[in-house]
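Visitor: Provided below for reference: sequence and predicted model.
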Amino acid sequence: MASMLRMYNVALQRRPMFTQCCTAAFLFGAGDIIAQQGIEGKGKKHDFVRTARLTFYGGCLFGPIMTKWYQWLNTIKFSSPTKAVASRVFLDQAVLTPAAVGFFFGSMSILEGKPKEAIPRIEAAYAPTLVRNWGVFIPTQIINFAVIPHHLRFVVVSVVSLFWNTYLSVANARQNKAALPVSPSLELSKPKTVSEFGAEVEKKSHS
């Protein structure tokens with residue numbers, strides 16, 4: 001285990017983009033597997049396309065963006081360690097996170113082939129997801145920026161994100177189900193208004 005960690009640490013330093021994208025892909029996929037099996041109890045009905053979609057999002061969208069983001073944060077110089085932590089946490093949670101939450105739900109809608117659902121899904125899920133994110137990641141990032149070496153900060157976030165990604169997968173699946181259209185059979189069973197009922201009775205009386 002220790003040798004594997006050392007190898008991973010070397011990979012992070014030599015090829016940070018590739019290594020961190022692979023890490024994000026694995027953890028997003030793992031988060032969806034936990035969501036489907038541990039929370040939703042799908043068993044053999046596991047949606048492998050959904051897992052692949054989350055894995056793709058983690059490796060090809062989230063991973064590159066976050067790698068560049070942390071590299072940029074690490075280049076900013078501050079007058080004191082305390083100011084550095086406070087400023088980086090603020091930038092991460094007040095600038096990046098609000099955009100990242102909307103980007104996630106919008107990207108999922110597009111990857112699912114439902115671009116028209118992007119705005120309604122974001123509107124429904126944005127606020128509760130953002131608030132829960134702050135509850136998880138503000139304490140995480142305070143510790144992360146205060147004591148963790150800069151090349152390992154993405155890893156710390158990724159490990160915490162294993163549980164967060166499970167929540168995101170469940171939240172996105174719920175929003176996806178909520179956006180499903182009403183079936184024709186349900187549409188026909190909707191109760192009629194008084195005027196519609198009266199017109200139908202009159203029509204039948206003349207037939």
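Guide: Looks like it came in fine.

Visitor: in terms of contact count, name the helices or strands touching the biggest helix by length in the chain.
Guide: Longest helix of the chain, by residue count under DSSP state H: helix 118-147. On a contact count with 3 or more C-beta pairs under 8 Å, 6 or more residues apart in numbering; DSSP states H and E, helix 118-147 meets helix 81-90, helix 97-111, helix 153-178. The C-beta positions use only the backbone N, C-alpha and C, and glycine is treated the same way.

Visitor: which residue is nearest the centroid of the protein?
Guide: residue 168 (4.3 Å; C-alpha atoms, centre = their mean).

Visitor: Contact partners for that one?
Guide: Residue 168 sits next to 31, 104, 129 when contact means C-beta atoms under 8 Å, 6 or more residues apart in numbering.

Visitor: Go again with 10 Å.
Guide: By C-beta atoms under 10 Å, 6 or more residues apart in numbering, residue 168 lies in contact with 28, 31-32, 35, 54, 57, 101, 104-105, 108, 125, 129, 132-133, 161.

Visitor: And those, which of them are buried?
Guide: Neighbour-count burial (16 or more other C-beta atoms under 10 Å) applied to the contacts of residue 168 gives 28, 31-32, 35, 54, 57, 101, 104-105, 108, 125, 129, 133, 161.

Visitor: Using JSON lines, lay out those together with pLDDT and distance to residue 45.
Guide: JSON lines is the format used below for the buried ones among the contacts of residue 168 (pLDDT from 0 to 100; distance: C-beta to C-beta, whole Å):
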{"residue": "28", "pLDDT": "88", "distance to residue 45": "20"}
{"residue": "31", "pLDDT": "85", "distance to residue 45": "18"}
{"residue": "32", "pLDDT": "87", "distance to residue 45": "14"}
{"residue": "35", "pLDDT": "84", "distance to residue 45": "13"}
{"residue": "54", "pLDDT": "92", "distance to residue 45": "17"}
{"residue": "57", "pLDDT": "94", "distance to residue 45": "22"}
{"residue": "101", "pLDDT": "91", "distance to residue 45": "28"}
{"residue": "104", "pLDDT": "90", "distance to residue 45": "24"}
{"residue": "105", "pLDDT": "89", "distance to residue 45": "24"}
{"residue": "108", "pLDDT": "90", "distance to residue 45": "20"}
{"residue": "125", "pLDDT": "85", "distance to residue 45": "24"}
{"residue": "129", "pLDDT": "86", "distance to residue 45": "26"}
{"residue": "133", "pLDDT": "89", "distance to residue 45": "29"}
{"residue": "161", "pLDDT": "79", "distance to residue 45": "26"}
